[in-house]
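Asker: structural data only, the sequence is not supplied:
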């Protein structure tokens, strides 16, 4: 593993990500223990993504919670760029939105950006990204969101409403700003230039559709933050509240701690929501980077290193039980838990989830219409 | 009158326009006598805009006519930017489209760009441009187009279809191209960057809606040509035929031969379609630049100069009868026709048209739905 320089943009994540550095660079707030307690208290329940700071940074979350305490409704917003099948990394903010919707009974807007992925990826047709949008939507619905309060936007299917709101945002963003924030240049196509205004629309859509001022809370991976910086600058000029943001760390690649799990970087080592139990087992056995020792004898004597072990790291995302996770950590470190055994724990954990998810995903096909916003 | 340098862009026309120079600069074809004869023959009738070369330049019109002769349908496309009320200058291409639709029985697509005018004009709200779009549409309908073959697009009302097609065009246009062709810079908003792709959509819409390859013919003032240059570059890459363009000269300002009649340059001297006969008379009497002599005696002796007389120049647009126009020219030049009399001929001509137009414009309100394309 060579050490790559860190790059974190909405379209590329490379290198070992230094999240504390991102907080400083992006100018966001670290998630404090007080704020965690405040969320848990208001939510009436805890979540391991909070306890483990998988959600680690925010903008105006404290303000949003104060408003909520004063009786003001908020809306959730996150999304998906349909450039391929859904993998587990995509779903981290979705799991958390499910927790937040259950706890706060909030409307939830989910934007699937078939327009952006088509315009960004030279090789993808609009038919492909649109078809992937419908496919990816099933994974969201399968998580059991409330159909009365969950609104899926496939951009091109809701284009009349989206475009009309986007141009009002676009009028307030200069090319110069778009270049500075998103790294656009003269070779970038004019659709991508416009696109940040489309991504900002769901920040104001709750207020527009519900005809009152509703602040959006956006749980999303930290690489999406540039969009919220621009949106927070513009939408108050249109009379809407600045969206609050809640940032998660990336589910790392199975291959090692650099970057994030990404279909484009390592298709073979990516766990898709449609993978069979056998394929999941194969991928983890073959590709999950191990912090174990080279020989059984050495491992039993000196113990493994869970901190660099990708199976362990993944369990911090997928094993909700703190006690179980702690035991795994200690047993691995002491050498009583072997690499293969650790991998098997992850395999079992994922396959229990995925087997159930795949059934719900099939059922979701008939529920799509309940969720889709259409012009 | 100081002589200003010529500027001709989609958003600004200044100075004395040298149309021969524009043909060279833009790289278009001058309208030849042979081509005029060919149109007249195929159309089965003549039009004074052809005979007087008010339409003076084109791209691929010869090709389009050959295809028509071989049995291939074409579609007409022109439009309107609704930044204010309709004035007579806007309608020059519309009159000609009426002639072409009647002669060739062509489908006619008319785009009203409420999105663009909103994004371009800092002072205009989207509610205003949208309301003006509906108002301006009445002037088109009043000209008697065939409702079965005439399709009015108000961009934001047809946004789903428009956006989905526009992103396919936008993917093929770089920021660099947009800057070079339209003069965009770093202070231009990102909505305007995207916008040329929206203006290109009606070039492909006839083919998309009629599900066969149909070339568009765009009669429009020459300042719009940059849009067609870009569209002609891009749409063949998407499998559609290059649009053909047919360019008209500007109806000049009443105030003199510089620029074009424009509400923003001289509201008081602009003839709107809703002006009463009294207002039309006042405006022309007060503002129409005269080529007459300073005194009655001098005029009778030396004659006037019709070539710089705006009332005469306007009659070249509005007096269809060549014989009548020639008589006016000669009588004015000889001094037998006075300035006030020439102005009265124009006033009468316009008021006959406008009185009838205003009745039809009222009736058009109930016909709007027959013409509007809506998602």
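Answerer: Nice, thanks for sending it over. None of the values given here were measured: they were computed from a predicted structure.

Asker: and the stretch 101-250 of chain A, which of its residues are near chain B?
Answerer: Counting by CB under 8 Å from any CB of the partner chain, the stretch 101-250 of chain A comes close to chain B at A:115, A:118-119, A:126, A:156-164, A:166-168, A:170-176, A:178-179, A:184-191, A:193-194, A:196-197. Using the backbone N, CA and C atoms, a C-beta is placed for each residue, glycine as well.

Asker: would you list every one of the strands in the stretch 51-200 of chain A?
Answerer: Chain-ordered strands for the stretch 51-200 of chain A, with DSSP state E, counting those that start in this stretch as the definition, fall at A:55-59, A:74-80, A:107-112, A:150-154.

Asker: residue A:193 is in contact with residue A:184, correct?
Answerer: Yes. Under the criterion of CB atoms under 8 Å, residue A:184 makes contact with residue A:193 at 6.0 Å.

Asker: so for these two, which sits in the more crowded spot?
Answerer: residue A:193 (30 against 22; other CB atoms under 10 Å in any protein chain shown).

Asker: now do the contacts for the most centrally placed residue in chain A.
Answerer: Nearest residue to the geometric centre of chain A (CA atoms, centre = their mean): residue A:93, 3.7 Å. By CB atoms under 8 Å, 6 or more residues apart in numbering or on different chains, the contact list for residue A:93 reads A:78, A:219, A:220, A:221, A:248.

Asker: how does it look with 6 Å?
Answerer: A:78, A:219, A:220, A:248 (CB atoms under 6 Å, 6 or more residues apart in numbering or on different chains).

Asker: could those go into CSV alongside pLDDT, neighbour count and secondary structure?
Answerer: Output for the contacts of residue A:93, formatted as CSV (pLDDT from 0 to 100; neighbours: other CB atoms under 10 Å in any protein chain shown; DSSP: H, G, I helix; E, B strand; the rest coil):
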residue, pLDDT, neighbour count, secondary structure
A:78, 98, 26, strand
A:219, 98, 25, strand
A:220, 97, 22, strand
A:248, 97, 23, strand
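
Asker: give me the common contacts of residue A:184 and residue A:193.
Answerer: With CB under 6 Å, 6+ apart as the test, residue A:184 and residue A:193 both reach residue A:178.

Asker: relative to chain B, how far out is the residue nearest to the centre of chain A?
Answerer: According to CB to the nearest CB, to the nearest Å, residue A:93 and chain B sit 25 Å apart.

Asker: for the closest residue to residue A:290 other than its chain neighbours, grab the count of nearby residues.
Answerer: Nearest residue to residue A:290 in three dimensions, chain neighbours excluded: residue A:339, at 4.6 Å (CB to CB, 6 or more residues apart in numbering or on different chains). The tally of other residues near residue A:339 (other CB under 10 Å) stands at 19.

Asker: export the strands of the stretch 51-200 of chain A to JSON lines and tack on distance to residue A:306?
Answerer: Listed next are these as JSON lines, based on distance: least, CB to CB, whole Å:
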{"stretch": "strand A:55-59", "distance to residue A:306": "19"}
{"stretch": "strand A:74-80", "distance to residue A:306": "29"}
{"stretch": "strand A:107-112", "distance to residue A:306": "34"}
{"stretch": "strand A:150-154", "distance to residue A:306": "36"}
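
Asker: which stretch among these comes nearest residue A:294?
Answerer: Distance to residue A:294, taken as CB to CB, is lowest for strand A:55-59 among these, at 33.3 Å.

Asker: pairing partners for the closest one, with directions?
Answerer: Using DSSP bridges, strand A:55-59 pairs in its sheet with strand A:29-30 (antiparallel), strand A:244-248 (antiparallel).

Asker: possible to save these as JSON lines with distance to residue A:68?
Answerer: As requested, the strands paired with strand A:55-59 are exported to JSON lines (distance: least, CB to CB, whole Å):
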{"stretch": "strand A:29-30", "distance to residue A:68": "17"}
{"stretch": "strand A:244-248", "distance to residue A:68": "11"}
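
Asker: all set, thanks.
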